[in-house]
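**Q** sharing a model prediction with you, sequence too.
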Amino acid sequence: MMNWDVLYAVGLVFGLFAVLYYLIPYLKAKNLDYYNEIKLALLFFNYAFRDEKLKRIADIALEVVSQIEELSLTPEEKHVEAITRISQELLVQFDILLDDEVLGLIVQIAVTLLPPTHVE
């Protein structure tokens, strides 16, 4: 007679290994975690958008932040410039006006995806 508890435990271990080894890197490669963080940031400030618009907002933020990273400004000036540009882009493309606090949080999240600039 076979003990089914052992078989279930082995299946659970293999399933967990598959999720950690295959699914999580796939989601990180597709930046789905980034979109969820942006979604949570907007929900924290009582803003809710459809997923298509949310992904476009996140893409605009990442694009603006990566462009501003190349400028030779102080980090505070880059942050203010990113907020200003993202606000203008959202106003032009979607007619959305978000608070500066929300945009500041979105900029901080987008900065975490940038590659390191000072490699030692």
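**A** Arrived safely, thanks for sending.
**Q** L73 sits in which helix or strand?
**A** Secondary structure assignment for L73, by DSSP states H and E: no helix or strand.
**Q** check contacts around the nearest residue to it once chain neighbours are set aside.
**A** If the residues on either side of it in the chain are set aside, L73 comes closest to E81, at 6.8 Å by Cβ to Cβ, 6 or more residues apart in numbering. Where you see a C-beta, it was placed from the backbone N, CA and C, and this is true even at glycine. If a contact means Cβ atoms under 8 Å, 6 or more residues apart in numbering, then E81 has I68, L71, L73 as its contacts.
**Q** which members of the residues you listed are classed as buried?
**A** Among these, those scoring as buried are I68 (criterion: 16 or more other Cβ atoms under 10 Å).
**Q** circling back: how close does the residue nearest to L73 get to P75?
**A** 11 Å (Cβ to Cβ, to the nearest Å).
**Q** tell me the domain boundaries of the protein?
**A** Structural domains of the chain, as assigned by automatic domain parsing, span the residue ranges 1-30, 31-111.
**Q** now stretch 87-95, how far from the chain's geometric center?
**A** In terms of Cα atoms, centre = their mean, to the nearest Å, the gap separating the centre of stretch 87-95 from the centre of its chain is 19 Å.
**Q** my bad, should have said stretch 72-79
**A** Mean C-alpha position of stretch 72-79 versus that of the full chain (Cα atoms, centre = their mean) differs by 21 Å.
**Q** same thing with stretch 65-82?
**A** 18 Å.
**Q** in it, what counts as buried?
**A** V65, I68, K78, H79, V80, E81, A82.
**Q** okay, how far is it across that stretch, tip to tip?
**A** When the termini of stretch 65-82 are compared using Cα to Cα, to the nearest Å, they are 6 Å apart.
**Q** cool, and stretch 87-103?
**A** In terms of Cα to Cα, the two terminal residues of stretch 87-103 are separated by 7 Å.
**Q** in this structure, what helix or strand scores lowest on average pLDDT?
**A** Sorting the helices and strands of the chain by mean pLDDT, DSSP states H and E puts helix 24-29 at the bottom, at a mean of 71.
**Q** that older thread, which of the contacts of E81 scores worst on pLDDT?
**A** Least confident by pLDDT among these: that is L71, with 80.
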